[in-house]
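Participant: Structural data only, the sequence is not supplied:
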C-alpha cells in the first residue's frame, strides 16, 4: 500500500482531519486533494540540481556573532543539555525583559509575562491555538508568512486578509476598518513585513490598536525583523502605543538578529494571563527546546548598541547592492525599509508570471527567487503575479555573483 493511500480522504474519511485544513489554508492542496510540494521545496531542489545561487530563501550563509556562538559551546560544556524550565531559562527570560526595557521602554515581568518558544513560528501557532476558537476571524496582512494560514486553519478559525499592494505596500485604512467585525478575535501584525519589506508607521499601527479596542480583539505582533530596519525607518512595537499593552502578544526571535535561524529560539511577551494560556498549549507542542542555546541568546540580547547598529548598516549595504543589481537586470524594484527581503517586478522583463520565470532562472542564469504568490491566497494571486522575492542575507561575494548572473536576463 502506498503512503498516499493512507491519507486520501476519499477512501479514508476518518483521516480527513486537521492536516487537510492546514494544507487547504496554506494553499498546498493539489488537484488530487493531497498536499502538493511547496514552491520553497521546489526551488531548493532546483538550486541543488543546477548549482544555482539561492537568493530566494531567507537563511543567512554567515554565522552570527562570535560571543553568541562561544556562549552556546560553553553551555554545552558545562552540561546545559537537558530539559530547561517550561517557561524558559531564567537568564534568558530576564534578558528578554531587559531587551524590551532597553530598546522600547517596556517594563516586563520576566517571571510571568515572558515565555521562550521554538522560534517565532511556534509562538505564533501556540498563540493562535490558545486564544481562538472555531468560527473566530483572524486578520492578517497579505502577502503573509505562510505559517499564519496554517495555524489559523488548524484552530478552525477563518482567515481574513488585508492587501498590501505596490508600490508602498501600506494597508488601506478603509479596507482595514471594513474587515474588522464582531467575529474578529485577533489581528496578526508582521512588522517589519515579510515579504514586502515595508515598515508600518505609527499612525497605521495606532489605527490597528484603535480598531482592535473597538472590536475587543487581540493583537499578535510578529517582530522578528525588529532590528533590521533601514534609512529613515523606525520600528515601533505595537505594545508601546496607547491602549495596546493589555491586548497585545509581542512575538520575536533570535534567528534573524543573530543569524542563528537553525537554533529556533523565540519568545512571546504578554500579560501573565495570556502567557499562561499560551504556555498551556505550548507545553504540548515542543514542551521545551534549545537548552544550550537559551543562555547563548541571553548573551546576544545583551550585546552593545554598536552590534545592533552594525547589523542594520551591513544589511542596508547588501540591500543596496542587490537592489542596484536587480534594476540593472531590468526588474522594477521596490526597495525595502526593513527585513532582508526585496520584491521585484518581472513584468518589465517580459514575464507577467513571476512563477514561470522563477522556474526558468535556476537553469538559465543560475539564480533562485521565490514568487510572491507563495505568500498570498490563491484567489488574490493575480494582484502579485509578477512579483519575485529575493533575499540579501547572504555574503557580499554571493550577492555580487548573483547580480552578475541576473544581468543575463536582459
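Facilitator: Arrived safely, thanks for sending. Model, not experiment: these values are computed from the prediction.
Participant: what about the strands in the stretch 251-400 of the chain?
Facilitator: With DSSP state E, counting those that start in this stretch as the definition, the stretch 251-400 of the chain shows strands at residue ranges 266-269, 332-334, 341-345, 367-368, 370-371, 387-391.
Participant: Might one say that residue 152 is in contact with residue 135?
Facilitator: No: look at residue 152 against residue 135 with CB atoms under 8 Å: they stay out of range, at 11.9 Å. C-betas here are computed from N, CA, C, even on glycine.
Participant: Please identify every residue contacting each of these two.
Facilitator: Both residue 152 and residue 135 are in contact with residue 158, where contact means CB atoms under 8 Å, 6 or more residues apart in numbering.
Participant: closest to residue 125 out of the strands of the stretch 251-400 of the chain?
Facilitator: Among the strands of the stretch 251-400 of the chain, the nearest to residue 125 by CB to CB is strand 266-269 (10.8 Å).
Participant: Residues contacting that closest one, please?
Facilitator: The set of residues that contact strand 266-269 without belonging to it, under CB under 8 Å, 6+ apart, is 88, 92, 96, 100, 106, 108, 113-123, 126-127, 224, 239, 249-255, 275, 278.
Participant: Switch the strands of the stretch 251-400 of the chain over to TSV; also include mean pLDDT and distance to residue 229.
Facilitator: Below are the strands of the stretch 251-400 of the chain laid out as TSV (pLDDT from 0 to 100; distance: least, CB to CB, whole Å):
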stretch	mean pLDDT	distance to residue 229
strand 266-269	98	19
strand 332-334	97	16
strand 341-345	97	13
strand 367-368	96	26
strand 370-371	94	22
strand 387-391	97	16
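Participant: any chance you could map the helices in the stretch 301-410 of the chain?
Facilitator: In the stretch 301-410 of the chain, helices defined by DSSP state H, counting those that start in this stretch lie at 305-329, 354-364, 396-406, listed in chain order.
Participant: and those helices, which is most packed in?
Facilitator: Ranked by mean neighbour count under mean count of other CB atoms under 10 Å, these are led by helix 354-364, which reaches a mean of 19.
Participant: What are the phi and psi values at the closest residue to residue 252 other than its chain neighbours?
Facilitator: Nearest residue to residue 252, sequence neighbours excluded (CB to CB, 6 or more residues apart in numbering): residue 223, at 4.6 Å. For residue 223, the backbone dihedrals are phi -110, psi 30 (criterion: degrees, to the nearest 10).
Participant: where does this structure dip in pLDDT?
Facilitator: Segments of the chain classed as low confidence (criterion: pLDDT under 70) are 1-37.
Participant: Any idea which residue is closest to the centre of it?
Facilitator: To find the centre residue of the chain, average its C-alpha atoms and take the closest one (CA atoms, centre = their mean): that gives residue 145, at 5.1 Å.
Participant: Look up how far residue 295 lies from it.
Facilitator: Distance of residue 145 to residue 295, given as CB to CB, to the nearest Å: 28 Å.
Participant: just residue 327 next, same as before
Facilitator: Between residue 327 and residue 295 the distance is 44 Å, computed by CB to CB.
Participant: still on that earlier bit, show me the residues around the residue nearest to the centre of the chain that make contact.
Facilitator: 190, 194, 222, 375.
Participant: so can I have a markdown table of those showing secondary structure?
Facilitator: Shown next, in a markdown table, are the contacts of residue 145 (DSSP: H, G, I helix; E, B strand; the rest coil):
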| residue | secondary structure |
| --- | --- |
| 190 | strand |
| 194 | coil |
| 222 | strand |
| 375 | helix |
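Participant: so which of the residues you listed comes closest to residue 76?
Facilitator: residue 222 (29.8 Å).
Participant: so how far is residue 189 from the closest one?
Facilitator: Remark: distance between residue 222 and residue 189 (CB to CB) = 7 Å.
Participant: the more surrounded of these two?
Facilitator: residue 222 (29 against 24; other CB atoms under 10 Å).
Participant: Which residue is the nearest non-sequential neighbour of that one?
Facilitator: Of all residues not flanking residue 222 in the chain, residue 190 sits nearest, at 4.2 Å (CB to CB, 6+ apart).
Participant: I'd assumed residue 144 was in contact with the one you found.
Facilitator: Yes: with contacts counted by CB under 8 Å, residue 190 reaches residue 144, the gap being 6.8 Å.
Participant: and for the two, which residues touch both?
Facilitator: Contacts common to residue 190 and residue 144, judged by CB under 8 Å, 6+ apart, are absent.
Participant: Of the two, which one has the most company?
Facilitator: In this comparison of residue 190 against residue 144, neighbours counted by other CB under 10 Å, the higher total goes to residue 190 at 27 against 24.
Participant: on that earlier part again, so which of the contacts of strand 266-269 sit within strands?
Facilitator: Secondary structure assignment by DSSP state E places 114, 115, 116, 117, 249, 250, 251, 252, 253 of those in strands.
Participant: More neighbours: residue 152 and residue 135, which one.
Facilitator: When neighbours are counted by other CB under 10 Å, residue 152 and residue 135 differ, and residue 152 comes out ahead with 30 against 10.
Participant: For the more buried one, pull up the helix or strand it's in.
Facilitator: Following DSSP states H and E, the helix or strand that holds residue 152 is helix 146-155.
Participant: and the angle from the helix or strand that comes right after that helix to helix 146-155?
Facilitator: Under the assignment DSSP H and E, the closest C-terminal helix or strand after helix 146-155 is strand 158-163. Calculated by axes from the mean of the first three to the mean of the last three CA atoms, to 10 degrees, strand 158-163 forms an angle of 150 degrees with helix 146-155.
Participant: partners of the helix or strand hosting residue 220, with directions?
Facilitator: Secondary-structure assignment from DSSP H and E places residue 220 in strand 218-222. Its sheet considered, strand 218-222 pairs with strand 184-190 (parallel), strand 248-253 (parallel) by DSSP bridges.
Participant: Pull out the buried residues from the next helix or strand after the longest one.
Facilitator: Just to be clear, that refers to strand 184-190. For strand 184-190, the succeeding helix or strand toward the C-terminus, using DSSP H and E, is helix 202-214. Of the residues in helix 202-214, those scored as buried under the neighbour-count criterion (16 or more other CB atoms under 10 Å) are 204, 205, 206, 207, 208, 209, 211, 212.
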